[in-house]
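>>> Fold the following for me, if possible:
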Amino acid sequence: MDERRDFRQHLEVETPEHVVIDYEIAGLGSRSLAALADTAFIGLLVAAEAVALPYVASRIGGAVATVVFPLVTLAVFATIWGYFALFEAFRDGQTPGKRWMGIRVIRDTGHAVTLRDAAIRNLLRLADFLPPPYVAGIASIAVHPQGKRLGDMVAGTIVVRDRADDVALLPARDAASAAHPVPAPALALAGAPRLDDDDFQLLRAFAARVPQLPPDVQARLAAPIAERIAPRIPRRSGDPVAFLLAVHDEETARRQGPLAARGGGAGTLGGRAAGRGTVMERLVARQAQRWTEFAQLAGRAQRDGLGALAARELPDFAERYREVAADLARARTYGADARTRHRLERLVAAGHNLLYREPRRGWRGVWRVLAVECPAAVALAWPYVVVAWLAFSLPAVAAYGTLRDRPALAEQVLPAALLERAESGRLALEGDGNRRAPGYAETGARDRATLASAIFTNNLGVAFACFAGGIVLGVGSLVSLAFNGLLLGAASAHFHNQGLLTWLWTFVAGHGVLELFAIWCAGAAGLLLGVAVLRPGPYTRRDALVLNARLALRLVGCSALLLLVAGAIEGFLSASALAPEGKVAVSAASAVLLAAWLGVGARFRHVLHLAPVS
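Alright, predicted model coming up:
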């Protein structure tokens with residue numbers, strides 16, 4: 001009896017077929033190697049986008065460069081922030097690094113991750129990364145009973161070992177059969193088995209490994225096994241490898257025969273235990289080919305998606321899955337060996353992961369999220385948005401009042417870039433004569449697309465950080481909101497002291513309504529995480545985090561959409577020579593459209609079936 005203890009972490013999930021799947025949870029080592037491989041791949045992609053594309057564009061010149069540079073900014077941002085989420089969402093929980101290591105992300109329920117789950121867990125990477133390099137994430141994986149980092153806790157996901165195309169129970173012995181031919185009559189034998197279960201398991205393991213071993217190793221392993229079974233089956237060949245392969249095929253045939261189930265036989269095989277073992281051996285011998293075929297189908301579906309299977313293969317895949325699940329139940333009932341149970345569990349896990357998943361939304365679903373679910377989330381979480389607004393506005397008012405009274409503080413608290421911009425603005429307005437002075441950040445038409453993409457990616461990064469900081473009891477989100485409020489209030493006071501307040505806010509007016517509201521939404525999303533940790537209500541903290549994160553992600557989506565529009569306005573209109581009246585009109589129009597959009601959300605907020613946990 002093997003008394004070795006299994007120190008690996010496990011997750012048990014019951015399927016709708018009432019079969020329990022035992023997942024092995026991926027450890028820190030395999031996850032770290034996968035993360036290193038993915039990081040290297042991201043580095044290569046970013047290098048190609050940031051170096052190769054601009055070089056080609058500069059060589060071509062003209063209008064191509066004008067288009068390429070803003071696209072490069074967006075592509076680099078999307079690669080850094082979207083690589084993990086998109087791969088995990090659309091490649092069944094596997095990035096290239098995870099696939100290399102044979103691990104994948106699934107939900108706690110055993111289901112495949114959705115884009116929502118993947119987005120949540122990967123937006124929290126920023127919190128896991130701190131303090132560099134990835135100390136919070138590594139510590140969390142090391143101490144959590146299920147090896148979860150912060151992102152997994154919030155998203156309700158877990159990383160497990162799962163490689164369906166590595167579960168064929170009985171590898172083909174073509175090469176070994178060619179070197180050691182087995183007599184054909186052996187395959188037709190029937191009768192009671194002559195070996196006990198332990199000896200047959202040893203013989204079957206040897207037969208499975210023969211094709212991968214060199215001849216000298218085959219002979220060295222075969223000699224003691226042949227000597228062990230000699231008292232029951234005398235050797236009939238001088239070649240121990242050929243003898244063992246022949247005995248293996250004979251014993252397999254006997255276990256499939258009509259007398260095998262009677263429980264009789266030679267040696268120590270007999271009684272109820274022998275009958276249970278023999279039934280299991282018959283099941284393995286009869287079903288091994290079916291399991292191998294299902295493993296091939298599941299491996300192909302995991303690599304290319306269920307859509308890669310032909311129409312006739314889909315019903316067959318579902319039927320085979322149910323068959324394998326039933327075989328797993330039989331294997332546990334009849335006490336199959338650990339190797340058989342383990343590989344059947346991996347097959348069932350692969351089929352369950354593929355079949356029981358939420359349907360992916362098409363473009364109509366994307367439109368529904370943007371037009372209805374995002375504003376509905378704002379309507380549901382409006383108290384948190386108000387708190388975020390206060391956390392931003394009160395420091396802004398305090399900073400404005402302080403610097404109005406003490407102008408000298410500006411040089412100590414404001415960035416040098418803002419101080420230089422105020423000085424250049426004052427000089428421009430004093431010396432313009434009869435000419436129109438340039439605006440706060442007026443840019444030529446050729447560079448506006450690049451400016452818009454840079455503004456959008458920068459602001460969206462700030463919003464993501466504001467959301468992720470909420471996992472630290474909401475403190476990170478509050479600090480981010482207060483810091484941005486202080487900066488805006490202090491800058492406004494300094495420009496007012498220089499006689500430039502109208503000059504500054506004429507620039508901010510066009511995009512400010514959408515941009516500020518977007519930051520408040522991101523802050524509210526972070527506060528939802530903090531409240532779930534502090535006040536989970538009737539739920540466990542784990543469940544409260546998952547529920548609030550689903551609502552919070554819609555707020556982050558709302559923030560991203562508003563920042564996209566605000567970035568376009570800021571880059572193309574606010575930075576243009578448009579008259580101040582035109583910029584104010586854009587601001588008013590954006591406020592009206594925002595109110596109408598939020599009105600739609602308030603009307604249809606019931607569609608989310610979510611409410612903040614508090």
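>>> now the strands for the stretch 251-400 of the chain?
In the stretch 251-400 of the chain, no strands are defined using DSSP state E, counting those that start in this stretch.
>>> which stretches of it have low pLDDT?
Per-residue confidence for the stretch 251-400 of the chain (pLDDT under 70) gives these ranges: 255-280.
>>> now with 80?
251-286, 302-308, 333-339, 357-363 (pLDDT under 80).
>>> Sketch out the helices for it, chain order is fine.
Secondary structure of the stretch 251-400 of the chain by DSSP state H, counting those that start in this stretch: the helices cover 271-304, 313-333, 338-355, 363-368, 374-380, 382-405.
>>> Need the phi and psi values for D22.
phi -100, psi 100 (degrees, to the nearest 10).
>>> Off-centre distance for the helix or strand hosting L553?
Following DSSP states H and E, one finds L553 within helix 541-569. Put simply, helix 541-569 sits 17 Å off its chain's centre (Cα atoms, centre = their mean, to the nearest Å).
>>> Please name every helix or strand in contact with the next helix-or-strand element following it.
Using DSSP H and E, the helix or strand that follows helix 541-569 in sequence is helix 580-603. Other helices and strands packing on helix 580-603, by 3 or more Cβ pairs under 8 Å, 6 or more residues apart in numbering; DSSP states H and E, are helix 374-380, helix 501-534, helix 541-569. To be clear about C-beta, it is placed using only N, CA and C from the backbone, and glycine gets the same treatment.
>>> Repeat the analysis, applying 7 Å as the threshold.
helix 374-380, helix 501-534 (3 or more Cβ pairs under 7 Å, 6 or more residues apart in numbering; DSSP states H and E).
>>> The helix or strand harbouring T39: which residues count as buried?
Taking DSSP H and E as the criterion, the element that holds T39 is helix 28-47. By 16 or more other Cβ atoms under 10 Å, the buried positions in helix 28-47 come out as S30, R31, S32, A34, A35, A37, D38, F41, I42, L45, V46.
>>> about what we covered before: so which elements touch the helix holding L553?
Using 3+ Cβ pairs under 7 Å, 6+ apart: helix 541-569 touches helix 115-123, helix 150-155, helix 374-380, helix 448-468, helix 501-534.
>>> The same query, at a cut-off of 8 Å, please.
helix 115-123, helix 150-155, helix 374-380, helix 448-468, helix 501-534, helix 580-603.
>>> quick revisit: closest to A589 out of the helices of the stretch 251-400 of the chain?
Closest approach to A589 among those (Cβ to Cβ): helix 374-380, 17.5 Å.
>>> Identify the residues contacting the closest one?
Contact partners of helix 374-380, identified using Cβ atoms under 8 Å, 6 or more residues apart in numbering, comprise 385, 521, 551, 554-555, 557-558, 561, 597-602, 604-605, 607-608, 610-612.
>>> Could you do stretch 19-36 as well?
By Cβ under 8 Å, 6+ apart, stretch 19-36 touches 8-15, 95, 97-98, 100-103, 106, 110, 134, 138, 141-142, 146-147, 158-162, 325-326, 328-329, 345, 348-349, 352.
>>> Which members of the residues you listed occur in strands, if any?
Among the contacts of stretch 19-36, DSSP state E puts H10, L11, E12, V13, E14, I103, I106, I158, V159, V160, R161 in strands.
>>> Show me which of those is closest to D117.
I106 (9.2 Å).
>>> thought that closest one was touching L354?
No: using Cβ atoms under 8 Å, I106 is not in contact with L354, being 11.1 Å away.
>>> quick one: common contacting residues for the two?
With Cβ under 8 Å, 6+ apart, I106 and L354 have common neighbours A112.
>>> Between the two, which is the more surrounded one?
I106 (25 against 21; other Cβ atoms under 10 Å).
>>> What's opposite that one in the beta bridge?
A112, I158 (DSSP bridges).
>>> Quick check: the gap between it and E14.
Look at I106 and E14: by Cβ to Cβ, to the nearest Å, they are 14 Å apart.
>>> just S492 next, same as before
59 Å.
>>> Can you pick out the residue with more neighbours from those two?
Each of S492 and E14 has its neighbours counted (other Cβ under 10 Å); S492 has more, 21 against 11.
>>> Checking my notes, that one in a strand, right?
No: checked against DSSP: H, G, I helix; E, B strand; the rest coil, S492 lies outside a strand; its state is helix.
>>> so what's it up against?
With Cβ under 8 Å, 6+ apart, S492 has these contacts: A396, Y400, L501, L504, W505.
>>> quick revisit: relative to L130, which of the helices and strands packed on helix 580-603 is closest?
helix 501-534 (14.3 Å).
>>> quick one, the closest one and helix 115-123 angle?
Relative orientation of helix 501-534 versus helix 115-123 (axes from the mean of the first three to the mean of the last three Cα atoms, to 10 degrees): 100 degrees.
>>> next one: helix 501-534 to chain centre, how far?
That offset, for helix 501-534, works out to 27 Å (Cα atoms, centre = their mean).
>>> same question, stretch 562-571
For stretch 562-571, the distance to the chain centre is 28 Å (Cα atoms, centre = their mean).
>>> With just CA atoms, put that stretch into PDB.
Output in PDB follows, covering the C-alpha atoms of stretch 562-571 (Å, rounded to 0.1, in the frame of the first residue of the first chain):
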ATOM      1  CA  LEU A 562     -16.500  58.200 -21.400                       C
ATOM      2  CA  LEU A 563     -12.700  58.500 -21.500                       C
ATOM      3  CA  LEU A 564     -12.600  57.400 -25.100                       C
ATOM      4  CA  VAL A 565     -15.100  60.100 -26.100                       C
ATOM      5  CA  ALA A 566     -13.400  62.700 -23.800                       C
ATOM      6  CA  GLY A 567     -10.000  61.900 -25.200                       C
ATOM      7  CA  ALA A 568     -11.300  62.400 -28.800                       C
ATOM      8  CA  ILE A 569     -12.800  65.800 -27.800                       C
ATOM      9  CA  GLU A 570      -9.700  66.900 -25.900                       C
ATOM     10  CA  GLY A 571      -7.300  65.900 -28.700                       C
END
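>>> still on that earlier bit, closest one to R421 out of the ones in strands among the contacts of stretch 19-36, please.
V159 (46.8 Å).
>>> Do I have it right that that closest one meets I103?
Yes: using Cβ under 8 Å, V159 is in contact with I103, at 5.6 Å.
>>> So for these two, which sits in the more crowded spot?
Legend: neighbour count by other Cβ under 10 Å for V159 and I103, higher for V159 (27 against 24).
>>> Identify the residues contacting that one.
I25, A26, R31, K98, I103, R104, V105, I106, G147, D152.
>>> mind redoing it with 7 Å?
I25, A26, R31, I103, V105, G147 (Cβ atoms under 7 Å, 6 or more residues apart in numbering).
>>> pLDDT below threshold where in the stretch 401-550 of the chain?
425-448.
>>> so where's the stretch 101-250 of the chain shaky on pLDDT?
For the stretch 101-250 of the chain (pLDDT under 80), the answer is 162-198, 200-201, 208, 210-212, 230-232, 234-238, 249-250.
>>> switch to 70 and redo it
Those would be 163-192, 235-237, if you go by pLDDT under 70 across the stretch 101-250 of the chain.
>>> the helices in it, which residues?
Under DSSP H, counting those that start in this stretch, the stretch 101-250 of the chain gives helices at 115-123, 125-129, 135-143, 150-155, 174-179, 197-209, 215-229, 240-256.
>>> what about dumping the CA coordinates of stretch 306-319 to CSV?
The C-alpha coordinates for stretch 306-319 follow below in CSV (Å, rounded to 0.1, in the frame of the first residue of the first chain):
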residue,chain,number,x,y,z
LEU,A,306,-16.0,24.1,-30.0
GLY,A,307,-16.6,25.9,-33.3
ALA,A,308,-13.7,24.0,-34.8
LEU,A,309,-15.7,20.7,-34.4
ALA,A,310,-17.8,19.6,-37.4
ALA,A,311,-21.6,19.7,-37.0
ARG,A,312,-21.8,15.9,-36.7
GLU,A,313,-19.0,15.9,-34.1
LEU,A,314,-20.8,18.2,-31.6
PRO,A,315,-23.6,15.8,-30.6
ASP,A,316,-21.0,13.0,-30.5
PHE,A,317,-18.8,15.1,-28.2
ALA,A,318,-21.6,15.7,-25.8
GLU,A,319,-22.5,12.0,-25.8
